[in-house]
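A.B. asks: coordinates only, sequence not included:
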């Protein structure tokens, strides 16, 4: 029996302190540096608040949260959005054009740091799949950000996604969890997000000096960071793995 209730995130007011604790170890600092995502994220929040869920503990504290967007999809892998920004663009344009949507794309999920390693991550994924179904979606997809890929930044996402344990389950913990609850890998997204920033911004995000042009392995980076000091720019491309639940 679950110790958590599933609610819409907007159902009650959450303090900044509660949200800061929830997201304390959720994502690296550079995750918001994709300029293409910034074009759509505010409209996504405005258009789809009903597709944002939070798991609440018995004492009323936020324990995990996740969100997604609806898109039209003809069940053809070749027609999958090629990037995270493209997912948001398709969702926004479908909403603004009043197009029918049939596919819920889980765009993010985070678990309270103190609850990692418990069953709550599984409950979050199950709650998000159900959320999509409850809103009329007949298919549920997730472009996963593999949680251990940063340990192997020089390995291609094609190779990494193929790794399995002795029991045949995926090597990556987040991918493994999705497979255990019925998901299956259907495609890769090698260029899911492109984060851009100045050298100074990247030094702050990576928490390390970047004194010359070149490629750098950075903390939490799933691939290498490319720095050009002459142009004062750093670019980092992050891969995802497409999972289908329904």
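C.D. replies: That came through, no problem. This one's a predicted model, so the numbers in the text were calculated from it and none came from an experiment. Numbering: from 1, shown residues only.
A.B. asks: only C-alpha atoms for contact and neighbour calcs from this point on.
C.D. replies: Noted.
A.B. asks: show me where the protein has its helices.
C.D. replies: Listed in chain order, the helices of the chain (DSSP state H) span 16-22, 35-38, 41-47, 84-96, 120-134, 157-162, 173-180, 199-206.
A.B. asks: which one of those lies closest to residue 54?
C.D. replies: Closest to residue 54 of those, according to CA to CA: helix 120-134, at 8.2 Å.
A.B. asks: from the chain's centroid, how far away is that closest one?
C.D. replies: Chain-centre distance of helix 120-134: 14 Å, with CA atoms, centre = their mean, to the nearest Å.
A.B. asks: contacts for it?
C.D. replies: 6, 51, 53, 55, 63-67, 103-104, 106, 109, 111, 138-140, 177-178, 181, 245 (CA atoms under 8 Å, 6 or more residues apart in numbering).
A.B. asks: now do the buried residues in it.
C.D. replies: 120-121, 123-125, 127-129, 131-133 (16 or more other CA atoms under 10 Å).
A.B. asks: mind putting those in JSON lines, pLDDT included?
C.D. replies: As requested, these are exported to JSON lines (pLDDT from 0 to 100):
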{"residue": "120", "pLDDT": "93"}
{"residue": "121", "pLDDT": "94"}
{"residue": "123", "pLDDT": "95"}
{"residue": "124", "pLDDT": "96"}
{"residue": "125", "pLDDT": "96"}
{"residue": "127", "pLDDT": "96"}
{"residue": "128", "pLDDT": "97"}
{"residue": "129", "pLDDT": "97"}
{"residue": "131", "pLDDT": "97"}
{"residue": "132", "pLDDT": "97"}
{"residue": "133", "pLDDT": "97"}
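A.B. asks: can you pull up the most central residue in the chain?
C.D. replies: residue 108 (3.7 Å; CA atoms, centre = their mean).
A.B. asks: want to throw the buried residues of helix 120-134 into TSV with distance to residue 196?
C.D. replies: Output for the buried residues of helix 120-134, formatted as TSV (distance: CA to CA, whole Å):
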residue	distance to residue 196
120	33
121	30
123	34
124	30
125	30
127	33
128	30
129	32
131	33
132	32
133	35
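A.B. asks: just those residues now: which is nearest residue 81?
C.D. replies: residue 132 (18.1 Å).
A.B. asks: that closest one and residue 120: what is the separation?
C.D. replies: 18 Å (CA to CA, to the nearest Å).
A.B. asks: what ranges in the chain fall below the confidence cut-off?
C.D. replies: Counting by pLDDT under 70, the low-confidence segments of the chain come to 1.
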